[in-house]
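Student: Return a 3D structure for these sequence lines:
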Amino acid sequence: MPDIHPEDYLSRKTLILGDVNTGKTTLTKKVLEALCCRDLGGRIAIVDMAPEVPEKLAKEKGLPGVGGKLMPPEKHNILYLGGHFEPPRLSSKTEEEAMEKAQQNRRIIEGLFRKLNLQLRDILLVNDVSIYLQAGTTDNLTRWLDQAATVIANGYWGERLGGGTLTERERTETAKLKTYFEQKGRVLILEPRQL
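Tutor: As a prediction, this is how the structure comes out:
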């Protein structure tokens, strides 16, 4: 992974997309660490939507390492907002069950954003926007993102998690989000790592 320069991310909006295990959260964490090295922790808020994927379930689905949290380094005064999110596609037996879990995730995430005052925290990192877009809308999400001068967000953009109604909805909303970031900043698409 290349060296991270905070000036490449500050005062712009960056969306990091890729399939499962392409390093989206790893890159976001490296950007976070670089910002902390500049003593910017007091300006940073993290909204962490990454689901809790039990290791056994990830192995059963052939997806080890999926769903990493974006935990802030200690002693940097970073505002961290997260919660317990279900991985709807991986943990559901039916489409209906998956949509119910996605709706529950959406409600929790909207509550997190309501707690966030982006006048006080102008650098926003969002881990796994895909979880919100499975039931929420890009329009709602971008209203929050517009309030921050700097946004670094990541999300799923791939094929490995299969199809279905939830996946189609997520892909449609993510495509809209991609357009938003192309207009307001940039989109980085990470390629699968070579083993």
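Student: Report the contact partners of the residue nearest the centre of the chain.
Tutor: The centre of the chain sits closest to Asp128, judged by CA atoms, centre = their mean, with a distance of 2.1 Å. Contacts for Asp128 (CB atoms under 8 Å, 6 or more residues apart in numbering) come out as 25, 48-51, 67, 154-156. Placement of C-beta: from N, CA and C, glycine included.
Student: Go ahead and confirm Glu52 touches Phe85.
Tutor: Yes - taking CB atoms under 8 Å as the definition, Glu52 is a contact partner of Phe85 at 6.6 Å.
Student: more neighbours, these two?
Tutor: Set side by side, Glu52 and Phe85 give different neighbour counts by other CB atoms under 10 Å, the larger being at Phe85 (23 against 13).
Student: Grab the nearest non-local neighbour of the more buried one.
Tutor: Spatial nearest neighbour of Phe85, excluding adjacent residues (CB to CB, 6 or more residues apart in numbering): Pro51 at 4.3 Å.
Student: In contact with Arg121, which residues are there?
Tutor: Neighbouring residues of Arg121 by CB under 8 Å, 6+ apart: 43-45, 79, 148.
Student: what are the ranges of the strands in the protein?
Tutor: With DSSP state E, the ranges of strands along the chain come out as 13-18, 44-48, 79-82, 123-127, 150-156, 185-190.
Student: Any idea which of these gets closest to Lys29?
Tutor: Between Lys29 and these, the shortest gap by CB to CB is with strand 123-127, which sits at 8.9 Å.
Student: Give me the helices and strands touching that closest one, please.
Tutor: Using 3 or more CB pairs under 8 Å, 6 or more residues apart in numbering; DSSP states H and E as the contact criterion, the neighbours of strand 123-127 among helices and strands are helix 24-37, strand 44-48, helix 138-145, strand 150-156.
Student: Turn those into a markdown table, columns for mean neighbour count and distance to Ile189.
Tutor: Compiled in a markdown table, the helices and strands packed on strand 123-127 are given as follows (neighbours: other CB atoms under 10 Å; distance: least, CB to CB, whole Å):
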| stretch | mean neighbour count | distance to Ile189 |
| --- | --- | --- |
| helix 24-37 | 20 | 10 |
| strand 44-48 | 23 | 22 |
| helix 138-145 | 18 | 17 |
| strand 150-156 | 25 | 11 |
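Student: Make TSV out of these and add mean pLDDT.
Tutor: As requested, the helices and strands packed on strand 123-127 are arranged in TSV below (pLDDT from 0 to 100):
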stretch	mean pLDDT
helix 24-37	95
strand 44-48	97
helix 138-145	96
strand 150-156	96
